[in-house]
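> Okay, here's the prediction I keep looking at, along with the sequence it came from:
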2 protein chains.
Amino acid sequence: MRQSALFTKTRREAPADEVAKNAQLLVRAGYIHKEMAGVYSYLPLGLRTLNKIVQIIREEMNAIGGQELIMTALQDKDLWSRTDRWDDDKVDNWFKTSFKSGGETGLAITHEEPLTRIMTEHISSYRDLPVYAYQFQNKFRNELRAKSGIMRGKEFLMKDLYSFSKDDAEHKSFYDKARAAYLKIFERAGVGDQTYVTFASGGIFSEFSEEFQTVSEAGEDTIYVDEEKRIAINKEVCTDEALAKLGLEKEKLVEKKAIEAGNTFNLGTRFSEPLGLLYTDETGARKPVVMGSYGIGPTRLMGIIVEVLADEKGLVWPESIAPFAIHLVSLGKSGDDISRIADALYDDLVKAGVEVLYDDRDVRAGEKFAESDLLGIPKRIVVGKEAVETEIFEVVNRATGKVSKTPRAELFPSEGGPASGRV
Amino acid sequence: MRQSALFTKTRREAPADEVAKNAQLLVRAGYIHKEMAGVYSYLPLGLRTLNKIVQIIREEMNAIGGQELIMTALQDKDLWSRTDRWDDDKVDNWFKTSFKSGGETGLAITHEEPLTRIMTEHISSYRDLPVYAYQFQNKFRNELRAKSGIMRGKEFLMKDLYSFSKDDAEHKSFYDKARAAYLKIFERAGVGDQTYVTFASGGIFSEFSEEFQTVSEAGEDTIYVDEEKRIAINKEVCTDEALAKLGLEKEKLVEKKAIEAGNTFNLGTRFSEPLGLLYTDETGARKPVVMGSYGIGPTRLMGIIVEVLADEKGLVWPESIAPFAIHLVSLGKSGDDISRIADALYDDLVKAGVEVLYDDRDVRAGEKFAESDLLGIPKRIVVGKEAVETEIFEVVNRATGKVSKTPRAELFPSEGGPASGRV
């Protein structure tokens, strides 16, 4: 895309009321717009990035048998009353409103209840199990404070997968697959090294639940990491007894601040029993379905990636989720030789299937480079005088700052290979 | 996908409280789930179909220069007060709720206000214009009655594009492109023949607005169609004076019931003035931006397609938006020769990039065919004894009912061509 056509502009200053680094940078770079505290719109570059994260998660959910659906924001009070999660005494962050046709409704905080009810119409026998269903859906949480940018919104995108199994053994076997898929997602999204499976408090059906915690100074949680085993334990549950049970040794643990990037829950029959999601087993007996839930917030993950990878100059995206692979920066003025070389390279890269943001504007070089750093696209190709004379292009790696001189032909993806401009 | 793995089941009866044909069929076929009156979840087959519609619209919006973004459901009361669209006296279908942190908020009924505000941060000069931005976003409307299935929901998906232009001439030139893009969308979605540009009441800035009306007995509107010119006029504005202005002759008009499938509005400076979206023109003068809005509801369009194309046996999807191109129905039992032939054909079709729903279940033929008709996938390939003996397959066109005998090789897409099983 030509940057002259992109409607968003960057800005030098973050909004005064924005304290989170992720939101400050994303607003400055024109990726997001703050509507109200904890409520953000995603502008073209932000939506492109978010969609890449969504697609990685979708592929990994499909790979473990997930079937995608999409439920609603508006929720049925009667349904949530049956699981005792409607009253403000029980769940304190509902947004509630009323139908003009009569009755109360609320905005989905999560979706166990509606999906369990849907499944009562589709699951009746052991032959119908297991089922894995997931969605990308907005969740609404009426948070008192919202100071973490897109990491904790009042309205945010969530990928929530739910598993429906015959018994604990079948549940456990899928649970392990889901854990592996989650680790793969964080790896693919560029924060694999920083993310640890972390034991946390369990709930009704298991002593511990598992969170995925990404180490970051912006973290609200404290975890103790065993670097060797690549697992961690949340400070909240870190007792001598717990360590013994989990086979962790106190001396080997390192304290870190971390952000919860995902979580998995063993729900047991907490929802299937009150909502009547039963199946008939091989012997004809009626049994409640055993459930699990598995959450990753794509918007939160985008915020985490900013917190972990951005530097003092701006955003730094991993190739896998960057809005564009290449930032092509022309130092020419429209109509001159440099511009013509840059135009031709842009056209050829696009034809070769490379995603390119092309800074074709008449703006001075220093400003272009500062903006390019702020936008965080992984590779910058600079088209200056040298390129006109030699067909050698300067390629800058945004993450490392490393500069290389690359002949034109090598800027293109090799056959069957990924994009271009190796640094 | 193997139907044995698909979690949804079809049902013989529609829900008793569902009066709209589109919702009756979609619920019976397992495409959607009714959460509450006017509130529907989209199950895997429904979401696949909806996503195809979304993708067609996206391609056509990109082709006319649209830049995709996504705004929020939660809306800022102060912003909407500035355009005088917050009070219930002015807009009567808000869902309103409150922040625990203080203050009221509402669920987006439309998005002129927030997008205009966003643009005040990105548009300042004539050089920044024109801009075209669009999104696929849920809208919420607190309707008193909701009896039209997914054609009129309390929560529904909307594609809304907004144009920002220097003046009326620039606006008009884009408006014509948007109209053409809309006609292409209805064409590609399979209801082009039934859909007419229809003059309707205009609002502040133009005498008439244009709707896109799809002829259907389920329609809530009455329109008068000039078949030759392929335009229509809404009954609401059909006076002798209006006909004269539009160059339509009363005698040539045919009365039809129709459903509004899309609309376009000339917004003029209705939003840019109160919200301060001004630009500096070539002479240094500050002027308000001229806006337009262009809406198509993908969920509504999906409902319209059902109303227009479905028959007494069930859904009938055009190839362009069907959840799968082929319904492969095996009449074998697991392990027999027929099943083996069907398995191999399924694998080969999937490898060839064809989207196949494969009914591999041990269910009797009559039930499979009735279900296949209900699901509405454009082409059914039946694998029975004949296929085992001759490698000739029965292919049934869902829309026409036409049956043909097709050799195996011809079931595959020809090189560079579209899918298979020509009937």
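Received the coordinates, thanks.

> Burial check on A:Glu210, number of neighbours?
Neighbourhood size, A:Glu210 [other CB atoms under 10 Å in any protein chain shown]: 23. Where you see a C-beta, it was placed from the backbone N, CA and C, and this is true even at glycine.

> contacting residues for it?
A:Arg179, A:Val197, A:Thr198, A:Phe199, A:Ala200, A:Asn263, A:Thr264 (CB atoms under 8 Å, 6 or more residues apart in numbering or on different chains).

> where's the second one, which helix or strand?
A:Val197 is part of strand A:195-201, with elements assigned from DSSP states H and E.

> Check which strands are paired with whichever helix or strand comes after that strand and give the direction for each one.
Using DSSP H and E, the helix or strand that follows strand A:195-201 in sequence is strand A:208-215. The pairing partners recorded for strand A:208-215 under DSSP bridges are strand A:195-201 (antiparallel), strand A:253-268 (antiparallel).

> ok, back up a step: tell me the one of the contacts of A:Glu210 nearest chain B?
The nearest member of the contacts of A:Glu210 to chain B, counting by CB to the nearest CB, is A:Thr264 at 20.2 Å.

> where do the strands sit along the stretch 51-200 of chain A?
Using DSSP state E, counting those that start in this stretch, the strands of the stretch 51-200 of chain A run over A:67-68, A:74-76, A:96-98, A:104-107, A:131-140, A:155-165, A:195-201.

> between these, which one is nearest to A:Leu411?
With CB to CB as the measure, strand A:195-201 is the member of the strands of the stretch 51-200 of chain A nearest A:Leu411 (32.5 Å).

> sorry, back to before: farthest-apart pair in the contacts of A:Glu210, please.
By the measure CB to CB, A:Arg179 and A:Ala200 form the most distant pair in the contacts of A:Glu210, at 13.6 Å.

> Neighbour count for those two, which is higher?
The residue with more neighbours, out of A:Arg179 and A:Ala200, is A:Ala200; 21 against 16, by other CB under 10 Å.

> give me every residue that touches the more buried one.
A:Phe208, A:Ser209, A:Glu210, A:Glu211, A:Asn234, A:Glu236, A:Val237, A:Asn263.

> repeat that for 10 Å
Counting by CB atoms under 10 Å, 6 or more residues apart in numbering or on different chains, A:Ala200 touches A:208-211, A:213, A:221, A:223, A:232-238, A:260, A:263.

> residues near A:Glu13, how many?
8.

> what about it, which SS state?
Following DSSP: H, G, I helix; E, B strand; the rest coil, A:Glu13 is assigned to coil.

> The one 10 residues further on too?
The three-state assignment at A:Ala23 reads helix, by three-state DSSP.

> if I look at it, how far off is B:Phe212?
Distance of A:Ala23 to B:Phe212, computed by CB to CB, to the nearest Å: 39 Å.

> what does A:Met71 give?
From A:Met71 to B:Phe212 the distance is 29 Å (CB to CB).

> Likewise for A:Phe369?
With CB to CB as the criterion, A:Phe369 and B:Phe212 are 47 Å apart.

> Look at these two and report which has more neighbours.
Between A:Phe369 and B:Phe212, counted using other CB under 10 Å, the more crowded position is B:Phe212 (25 against 18).

> Next, the contact list for that one, please.
Contacts of B:Phe212 by CB under 10 Å, 6+ apart are B:179, B:182-183, B:185-186, B:191, B:195-198, B:232, B:258-264, B:295-296, B:301.

> could you redo the last one with a cut-off of 8 Å?
B:Tyr182, B:Leu183, B:Phe186, B:Thr195, B:Tyr196, B:Val197, B:Thr198, B:Glu260, B:Ala261, B:Gly262, B:Asn263, B:Ile296.

> related to what we said a few turns ago, turn the strands paired with strand A:208-215 into a markdown table, columns for mean pLDDT.
Listed next are those as a markdown table, based on pLDDT from 0 to 100:
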| stretch | mean pLDDT |
| --- | --- |
| strand A:195-201 | 95 |
| strand A:253-268 | 96 |
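
> With distance to B:Lys405 as added columns, please give those in CSV.
As requested, those are arranged in CSV below (distance: least, CB to CB, whole Å):
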stretch, distance to B:Lys405
strand A:195-201, 56
strand A:253-268, 51
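
> B:Gly66: which of the ones you listed is closest?
Proximity to B:Gly66 (CB to CB) singles out strand A:253-268 among the strands paired with strand A:208-215, at 32.6 Å.

> Show me how far that closest one is from its chain's centre.
15 Å (CA atoms, centre = their mean, to the nearest Å).

> Likewise for stretch A:158-178?
21 Å.

> What of stretch A:274-290?
With CA atoms, centre = their mean, you get 35 Å for stretch A:274-290.

> Please apply the same query to stretch A:167-186.
Centroid displacement of stretch A:167-186 relative to its chain, using CA atoms, centre = their mean, is 18 Å.

> low-confidence ranges in the stretch 101-250 of chain A?
Residue ranges of the stretch 101-250 of chain A with pLDDT under 70: A:204.

> Near chain B, which residues of it are found?
A:101, A:105, A:107, A:114, A:118-119, A:121-123, A:128, A:131, A:133, A:138, A:140, A:142-146, A:154-155 (CB under 8 Å from any CB of the partner chain).

> how about A:Trp86, phi and psi?
phi -90, psi -40 (degrees, to the nearest 10).

> those helices in the stretch 51-200 of chain A, which residues are they?
Secondary structure of the stretch 51-200 of chain A (DSSP state H, counting those that start in this stretch): helices located at A:77-82, A:112-120, A:168-188.

> looking at those, which is buried most?
helix A:112-120 (a mean of 22; mean count of other CB atoms under 10 Å in any protein chain shown).

> by how many degrees do it and strand A:253-268 diverge?
40 degrees (axes from the mean of the first three to the mean of the last three CA atoms, to 10 degrees).

> tell me what helix A:112-120 is packed against?
strand A:74-76, helix A:77-82, strand A:131-140, strand A:155-165, strand A:290-296 (3 or more CB pairs under 8 Å, 6 or more residues apart in numbering or on different chains; DSSP states H and E).

> Dump these into CSV; add distance to B:Lys333 as well.
Below are the helices and strands packed on helix A:112-120 laid out as CSV (distance: least, CB to CB, whole Å):
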stretch, distance to B:Lys333
strand A:74-76, 41
helix A:77-82, 40
strand A:131-140, 24
strand A:155-165, 27
strand A:290-296, 31
